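Colleague: Sequence plus predicted model, see below.
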Amino acid sequence: MKLTREDQSPGQEVLTDNDGQFSFSNIVPGPFQLTISSEGLAPQEISGTVHPGEPYVIPLVMMVVATQVTEVRVGLTQVEVADMQIKDQEKQRVFGIIPNFFVTYDHNAVPLNARQKFRLAWKSSSDPVTLLGVGVLAGVDQAGDRWGGYGQGAQGYAKRYGASYADVFAGTYIGGAILPSLLKQDPRYFYKGTGSKPSRLFYAIASSFRCKGDNGRWQPNYSNIGGNLAAGAISNLYYPANDRRGASLVFSTALIRLGETTMANIFQEFFVPRLTPNRPTRATPQP
């Protein structure tokens, strides 16, 4: 308990006994203010006036539990936001059919963790349309007798299909998941969509050689370049012996893949958005 006076004289404080009773002695007559407080309870204030020679009895005071305000902030973690963005990307199909998962139309897309990068690689490489496309490519190669060491007939087609799919699988996983996870780089193409046509063209071409890091900064695209070189090197393990050319095959394959990536980026920047009816248009919440 604290008793204060209007004349700003020093206040007096006392504690209650076990029964909640208290008293002040030698109080100078005049108005006063009494503040009653206790931990966890709402304070009470009482005003009154002490007259000369008369005791002043405080009426019964009931104290209530203090109102507590708890602030709760509800938000999504970075991983949860990235999962939402990936789900949107997995709906992206050119003409509503061809998978287009490694492109984001969100300029502020959060970085992916290793699990999410591998998820995108698996989703892309295992998509039925991808498998069908590999089958068409194997058929074209067989018709032109490419990789003649595989022969013809069903066996030759099966070998060409396996080799073509191995190229796709290795390139997707190494350049789109393994190296991006190790080097902390984002394997997606970040759609620009604004600025002059020359600036967008330069951006698309440069995206084969630079990418966003997981720290949000642009940096050399070691994942794409290294992935293409690694895929070319691995292809020497299963291509027909007569078609293996060692380092020349590795570098020629890598250059071809870089050219393909560059053309794909240009196509992404200028044409794909209009051909993708199910691309996301909503803003993704930030973590």
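Modeller: Nice, thanks for sending it over.
Colleague: Output the one helix or strand Y161 maps to as CSV, nothing but the C-alphas.
Modeller: Element membership of Y161 [criterion: DSSP states H and E] is helix 153-173. What follows is helix 153-173 as a C-alpha-only set of coordinates in CSV (Å, rounded to 0.1, in the frame of the first residue of the first chain):
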residue,chain,number,x,y,z
GLY,A,153,15.3,-53.1,-83.9
ALA,A,154,13.7,-53.1,-80.4
GLN,A,155,17.1,-53.7,-78.7
GLY,A,156,18.6,-50.7,-80.5
TYR,A,157,15.7,-48.5,-79.6
ALA,A,158,15.8,-49.6,-76.0
LYS,A,159,19.5,-48.7,-75.8
ARG,A,160,18.9,-45.3,-77.4
TYR,A,161,16.0,-44.7,-75.1
GLY,A,162,18.2,-45.6,-72.1
ALA,A,163,21.0,-43.3,-73.3
SER,A,164,18.7,-40.4,-74.0
TYR,A,165,17.0,-40.7,-70.6
ALA,A,166,20.4,-41.0,-68.9
ASP,A,167,21.4,-37.7,-70.5
VAL,A,168,18.2,-36.0,-69.3
PHE,A,169,18.4,-37.6,-65.8
ALA,A,170,22.1,-36.8,-65.3
GLY,A,171,21.8,-33.2,-66.6
THR,A,172,18.7,-32.5,-64.5
TYR,A,173,20.0,-34.0,-61.3
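Colleague: in stretch 180-197, what counts as buried?
Modeller: 180-181, 183, 185-192 (16 or more other Cβ atoms under 10 Å). Backbone N, C-alpha and C define where each C-beta goes, glycine included.
Colleague: Determine which two of those are furthest apart.
Modeller: S181 and K192 (25.0 Å; Cβ to Cβ).
Colleague: contacts for the helix or strand hosting R274?
Modeller: Assigned by DSSP H and E, R274 falls within helix 272-275. With Cβ atoms under 8 Å, 6 or more residues apart in numbering as the test, helix 272-275 has contacts from 94-95, 100, 103, 105, 191, 193, 279.
Colleague: Give me the domain ranges for the chain.
Modeller: As given by automatic domain parsing, the domain ranges for the chain are 2-50, 78-275.
Colleague: Just name the most buried of the ones you listed.
Modeller: Mean neighbour count (mean count of other Cβ atoms under 10 Å) peaks for domain 78-275 among the domains of the chain, with a mean of 17.
Colleague: quick one: I46 from S208, how far?
Modeller: I46 is 79 Å from S208, where distance means Cβ to Cβ, to the nearest Å.
Colleague: next one: R274
Modeller: Taken as Cβ to Cβ, the span from R274 to S208 is 22 Å.
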